[in-house]
Every structure is written in structure tokens, then in C-alpha cells.
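Please work out how this folds:
(one chain, ligands or ions: 1)
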Amino acid sequence: MPGSLLGALALGRQREDLGFPVLTYIAQNLRPAVQALVQGMGTVGIRLFVTLGRLPGEQLPRPPAAPGPRAAVAVPHPDVPAARKPAGIAVTLDAVAFSYAAGSNEVLSNIDLRVEPGEHIAVVGPSGIGKSTLASLLSGTHRPTSGRVRFDGVDISAFTPRQLAAHRAYLPQEAYVFTGTLRENLLYLRDTPVDDDELDHTVGAVGLDRLVSGAGGYGGLVQPHQLSSGERQLIALARAHLSPARLTVLDEATCHLDPAAEARAEGAMRERPGTLVVIAHRISSARTADRVLVLDGGTPRLGTHARLLTESDLYRDLVGLWSPGGATP
Ligand SMILES: Nc1ncnc2c1ncn2[C@@H]1O[C@H](COP(=O)(O)OP(=O)(O)OP(=O)(O)O)[C@@H](O)[C@H]1O
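Reported below is the predicted structural model:
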């Protein structure tokens, strides 16, 4: 691998949680050719097949700061449990469109979406449909070509990277861990003191206990290259759990964890106060979400798992193919 690419990868790792996922950009640059090949084969079935590689199940073999023009209107959605409403950010997309280059096709067109404060949304859809692009737009790492993204009614296009980082934690697939103590790594997004009780709570909830004891406690030194991909993801998840962010966007941020570890970590993020958007890596993420956003290239559908099973052919296909025994809620 050329030195410059290694340097760029290192830079991407350094900045990912602050909204500069250079590594993600590099990875995405390699995607179009592969996805063009798959899409060129021209069947929805093939695209679903690729997507199901990201939604593995037990029975399937793994296949290859100024107020914006619109004030925040806190109208709770009836599907959102009342106990979780107060703590999170309301995220709205108004007629959002995005293309990666001037004159190229829009990856996302005319997207209207409102995520309620404290709500947990899972995003599903065929490979290459724009889920990661949506995650980047929601977290402010990409700016819409047209339309607006708002946090609590405020257009985020004027936010500085520091302001964005104060509002939301964005975790892409490749987790950033740096050489330093475990405590330094865990508190990287935190600007207020944390006592060991709080650290213990997060570590226990996310499932990082074994790594903490292996490191000899929070003062133990962490070397990124000595950790597995899953361990790095757990550190990044614990860091987000400890952060003040009221919006967390997980873009396949648990993909290197086994199903049990993923369920535990995602459960911890779900219990944490705040709004949560998960680009679903397994269909279990969709089952546990308040609502699921199905991207299919047309108008996105947003609904509960149960409702989508009856109303969305694509969603039913995804769930049914994941679980051949039947698409049961
Ligand atoms: N940096 C980029 N430059 C140009 N095109 C890109 C870039 N990143 C993604 N794309 C294209 O945008 C489209 C949507 O990609 P995106 O990664 O958002 O889809 P996805 O649904 O997350 O896919 P997957 O499930 O495979 O991860 C794809 O056609 C992809 O090739």
C-alpha cells in the first residue's frame, strides 16, 4: 500500500469521530466500480443478495448556532415511547438531495424525514441505495446538494466541525482508537469530568469489561494495532456512550462484533438517552428500533417493523430472506 494512502488512512482514523472520516471517503471511492458491476447485472434480487450479506441471520449462509428559518416543533410521534422523548435531538431533512459530483446522478433525491427526539431509527435497503450517504448527511459530514438538515429546527449547514461534534457522535465502520490510555480513549469526546462509577457503568453496558481488565484498568495503555476490529469498535461505542452527544449515528459501527456482543452494545446505545440512527448491519437492529426507514430508490418508507411487514414488499423481502422460517414480527 503506498505511503500516502497509509498516511491518509491514519488521518482518517484520527478524525473520524469529529466528522472527517477520510478513511470512509477512501473506501467509498472504491465502491462505485464494484456496485456498478453488481447493478449492471440488473436485478433487484442480486442487489438484495448483496444487502443480505450485511444482514446475516442464524439460518442464512453469509452471502458473498443561529436559529434557522423554521422553529423546532416538538410533535412527538405516537410510536416513540414517552420515556425517551426529552433527551435527544429532533432531526429533520427537508427536501434533501445529494450527488457526489456536479452533474452526476443524485444518490438521494427529495428526502423528507423527521426523527423525533429520543427516537431510535434503523435504516435498511439494498446495497448502494444510499444508506451511508444518508448517515453522512444526518451527521453533517456531507452537506446536501439541495434541501436542509436541521437539529432541533436549526440548519446545520452553518455549524463548525466543533459544533457538530458537540451535538452528535458519528461512528463509521472503521473505529478510531489512538495510542494512549484506555481512559484517554474513552473520554476523547467528553469535556466534563467522569468518575470511575460512570466509566464502569458504560463499560459494563457496552461489553468492554474484558478489555478493561486485560489492559489492567483504565490507566492501561492501548495500542490500536494490538486490538481486534471488534475491540476497536467497542472502544468507539463506549466513547460515544460517554459523550454528551444527543444524536448518535452508527454506520455499521458494530459490524465486527459477533451477534451477542452486537446486541449488547446496541442495547446500551438504545438505553442511553438521545436520538439514535443505526444503519442496520443485521435485521435484528431493525426489529428493535422504534421505526425503520426503508430506502429503495423511490420515496423512502418510515414505519414500525410490524407496519412495514404489511406495507413494504421490499422490507418483507429483506426480513423474509433473512429468516426463511417466515417474516414474523
Ligand atoms: N465518495 C463517493 N464518490 C462517488 N460516489 C459514491 C461515493 N460514495 C458512495 N458513492 C455512491 O453512492 C451510492 C450510494 O452509496 P452508499 O455507500 O451511500 O450506499 P449504501 O446503501 O450505504 O451501500 P452499502 O449497503 O453497499 O454500504 C453508490 O452508488 C455509491 O457507489
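
Then residue 126 would be within a helix, right?
No. Counting by DSSP: H, G, I helix; E, B strand; the rest coil, residue 126 falls outside a helix, being coil.

In the stretch 1-150 of the chain, where is pLDDT below threshold?
By pLDDT under 70, the weakly predicted segments of the stretch 1-150 of the chain are 1-86.

do that again at 90, thanks
Residues of the stretch 1-150 of the chain that meet the criterion pLDDT under 90 lie in 1-87, 103.

Within the helices and strands, which one has the residue nearest to residue 218 when sequence neighbours are not counted?
Once flanking residues are discounted, residue 218 sits nearest to residue 183: 4.0 Å by CB to CB, 6 or more residues apart in numbering. Just so you know, the C-beta spots here come from the backbone N, C-alpha and C atoms, and that holds for glycine as well. With secondary structure defined by DSSP states H and E, residue 183 is part of helix 182-186.

quick one: furthest residue from the center of the chain?
residue 216 (30.4 Å; CA atoms, centre = their mean).

Check that one and give its pLDDT.
According to the prediction, residue 216 has pLDDT 95.

The one 4 residues further on now?
With respect to pLDDT, residue 220 has a value of 96.

tell me the contacts of it?
By CB atoms under 8 Å, 6 or more residues apart in numbering, the contact set of residue 220 is 181, 182, 212, 214.

and residue 123, backbone torsions?
phi -110, psi 130 (degrees, to the nearest 10).

And for it, the neighbour number?
28 (other CB atoms under 10 Å).

who's it bridged to?
On the basis of DSSP bridges, residue 123 is bridged to residue 279, residue 293.

wouldn't residue 94 be in contact with residue 148 here?
Yes. Taking contacts as CB atoms under 8 Å, residue 94 lies within contact range of residue 148: 4.6 Å.

Counting neighbours, which of the contacts of residue 220 comes out on top?
Busiest of these [other CB under 10 Å] is residue 182, holding 24 neighbours.

Let's see the pLDDT reported for it.
At residue 182, pLDDT is 96.

Okay, it and the ligand: tell me how far apart.
30 Å (CB to the nearest ligand atom, to the nearest Å).

All the strands of the stretch 101-250 of the chain, in order from the start?
108-115, 120-124, 146-151, 154-155, 168-171, 180-181, 221-222, 247-251 (DSSP state E, counting those that start in this stretch).

which stretch among those comes nearest residue 316?
strand 120-124 (11.6 Å; CB to CB).

got the contact list for residue 249?
So residue 249 contacts 135, 138, 139, 168, 169, 170, 171, 277, 279 (CB under 8 Å, 6+ apart).

one more time with 6 Å, if that's ok
Each residue near residue 249 by CB atoms under 6 Å, 6 or more residues apart in numbering is listed here: 135, 138, 139, 170, 277.

cool, and residue 170?
Counted by CB under 6 Å, 6+ apart, residue 170 has contacts 139, 249.

who's it bridged to?
residue 249.

Next one: it relative to residue 135, how far apart?
Relative to residue 135, residue 170 is positioned 7 Å away (CB to CB, to the nearest Å).

nearest residue to residue 233 other than its sequence neighbours?
Per CB to CB, 6+ apart, closest to residue 233 is residue 175, 4.6 Å.

My error: substitute residue 159 in the last question.
Residue 159 sits nearest to residue 140 (CB to CB, 6+ apart), 6.2 Å away.

thought the one you found was touching residue 162?
No. At 11.5 Å, residue 140 and residue 162 do not qualify as touching, with contact defined as CB atoms under 6 Å.

if you count what's nearby, which of those two comes out ahead?
Set residue 140 next to residue 162 and count neighbours by other CB under 10 Å: residue 140 wins out with 22 against 9.

quick one on the thing from earlier: how near is the residue farthest from the centre of the chain to residue 167?
34 Å.

Would you format the strands of the stretch 101-250 of the chain as a markdown table with distance to residue 203 included?
Formatted as a markdown table, the strands of the stretch 101-250 of the chain follow (distance: least, CB to CB, whole Å):
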| stretch | distance to residue 203 |
| --- | --- |
| strand 108-115 | 28 |
| strand 120-124 | 22 |
| strand 146-151 | 29 |
| strand 154-155 | 33 |
| strand 168-171 | 17 |
| strand 180-181 | 14 |
| strand 221-222 | 13 |
| strand 247-251 | 17 |
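
which stretch among these comes nearest residue 231?
So among the strands of the stretch 101-250 of the chain, strand 221-222 is nearest, using CB to CB, at 9.1 Å.
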